[in-house]
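**Student:** sequence-free structure coming up:
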């Protein structure tokens, strides 16, 4: 192990996790619902409500309404700005489509929801000082996790008969998570974050839950949905909270290599 101490960052913690969990599930829910033809008015409102809850978490985390406003001002360069813009656009368009159902409004809302989910993944990957976030596999993994959470909600509430979607997303989750944990370009700091506090065990357990979702998709869509929700939430918790170690600046006083 390196002589450097790794410290967790304290800027994005539980409120940020709430945004990624709740907001990501809302965006994923709408994306999946439209593609599977189950996007009725109630489900659309639920998806929009989850994304609004995610925005509330962001606003509370900012601690100042003025700071929250500034998030929208750097769309061309900041994934955080894109996340806020697409989230707001989705909520407005989904609300309009609920009041005045329209195919164009629905697909515009879908585009914003999909872009919001994508933005969340790339927003984490843009954090260059957090080795466990700044990887090329973070965006696709988090996109699939949000879609899995959305499909999980759909399966639990609607008990859809589509058995291919949960199997596919469960398998994608396992493949991407395994690739994320074992990617060949990992730095020593990424590896330390993975090994610290047995985080690799938590990731492995999350993959086992996803495997249960895959196995149960042919017999119980409800169980598959619950497992997708659990695995998605646990993955995000481990990566955003437990593995959020920042790059060291100086070695601790008194420590030697």
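**Tutor:** Structure received. Just so we're clear, the structure is a prediction, and the values are computed from it rather than from any experiment.
**Student:** pretty sure residue 207 is touching residue 231, no?
**Tutor:** Yes. Using Cβ atoms under 8 Å, residue 207 makes contact with residue 231 at a distance of 7.5 Å. Yep, even glycine has a C-beta here, placed from its N, CA and C like the rest.
**Student:** and residue 13, its phi and psi?
**Tutor:** phi -130, psi -120 (degrees, to the nearest 10).
**Student:** could you verify that residue 177 is part of a strand?
**Tutor:** No. Read with DSSP: H, G, I helix; E, B strand; the rest coil, residue 177 is helix and lies in no strand.
**Student:** burial count for the residue lying closest to it once chain neighbours are set aside?
**Tutor:** The shortest distance from residue 177 to any non-neighbouring residue, by Cβ to Cβ, 6 or more residues apart in numbering, is to residue 207 (5.3 Å). Using other Cβ atoms under 10 Å, residue 207 is surrounded by 21 other residues.
**Student:** contacts for the strand or helix carrying residue 207 next, please.
**Tutor:** Remark: residue 207 resides in helix 199-216, with elements defined by DSSP states H and E. Applying Cβ atoms under 8 Å, 6 or more residues apart in numbering, the contact partners of helix 199-216 are 148, 166-167, 170-171, 173-174, 177-178, 180-181, 193-194, 223-225, 227-228, 230-231, 234-235, 238, 242-243.
**Student:** need the helices for the stretch 101-250 of the chain, in chain order.
**Tutor:** 103-125, 138-158, 164-182, 188-195, 199-216, 221-237 (DSSP state H, counting those that start in this stretch).
**Student:** of those helices, which approaches residue 132 most closely?
**Tutor:** Closest approach to residue 132 among these is made by helix 188-195 (4.4 Å; Cβ to Cβ).
**Student:** chain center to that closest one: distance?
**Tutor:** 21 Å (Cα atoms, centre = their mean, to the nearest Å).
**Student:** just want the angle from that helix to helix 164-182.
**Tutor:** 120 degrees (axes from the mean of the first three to the mean of the last three Cα atoms, to 10 degrees).
**Student:** how big is the angle separating helix 188-195 from helix 199-216?
**Tutor:** Going by the same axes, to 10 degrees, helix 188-195 makes 60 degrees with helix 199-216.
**Student:** tell me what helix 188-195 is packed against?
**Tutor:** helix 199-216, strand 245-246 (3 or more Cβ pairs under 8 Å, 6 or more residues apart in numbering; DSSP states H and E).
**Student:** ok, residue 83 to residue 153 distance?
**Tutor:** Going from residue 83 to residue 153 by Cβ to Cβ, to the nearest Å gives 20 Å.
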